[in-house]
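K.L.:
predicted model follows, preceded by the sequence.
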Amino acid sequence: MFRRGRFLSFPLVIGATLIGVVSGKAIFGPPLEEYWKKKLQEEAKAKESDATPGEEQRIDNHDHFSRFHQLLP
């Protein structure tokens, strides 16, 4: 029923990708920026009020996300 007789053209794929990226940034950009701002502030507070040397420190499972986010422009 929806079978295509040929492959998608390269300009069509590039256009769809650009539309997806731009709309994704427009929709999810501001909430993500707010989230990461709060997350980095919480991490800074945690580093300031660091645990005593003998006490175990909590491992944050989402720490790799914050490191990845810092690499992004």
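P.N.:
That came through fine.

K.L.:
for the record, mean pLDDT for the biggest helix by length in the chain?
P.N.:
Using DSSP state H to define each element, the chain has its longest helix at helix 10-48. Computed over helix 10-48, the mean pLDDT rounds to 93.

K.L.:
show me what that helix is packed against.
P.N.:
helix 63-71 (3 or more C-beta pairs under 8 Å, 6 or more residues apart in numbering; DSSP states H and E). Backbone N, C-alpha and C define where each C-beta goes, glycine included.

K.L.:
quick one: average pLDDT of the helix it packs on?
P.N.:
Helix 63-71 carries an average pLDDT of 59.

K.L.:
state the distance from residue 49 to residue 27.
P.N.:
Distance of residue 49 to residue 27, computed by C-beta to C-beta, to the nearest Å: 35 Å.

K.L.:
of the two, which one has the most company?
P.N.:
Neighbour count, other C-beta atoms under 10 Å: between residue 49 and residue 27, residue 27 has more, with 10 against 7.

K.L.:
the more buried one and residue 21, how far apart?
P.N.:
Distance from residue 27 to residue 21, counting by C-beta to C-beta: 11 Å.

K.L.:
and what of residue 35?
P.N.:
Distance of residue 35 to residue 21, computed by C-beta to C-beta: 19 Å.

K.L.:
what do you get for residue 39?
P.N.:
On the measure of C-beta to C-beta, residue 39 and residue 21 end up 23 Å apart.

K.L.:
higher neighbour count, the two?
P.N.:
Set residue 39 next to residue 21 and count neighbours by other C-beta under 10 Å: residue 39 wins out with 16 against 10.

K.L.:
and residue 49, what are its phi and psi?
P.N.:
Taking degrees, to the nearest 10, you get phi -100, psi 50 for the backbone angles of residue 49.

K.L.:
going forward, count from 34.
P.N.:
Renumbered: residue one is now 34, and that last one reads residue 82.
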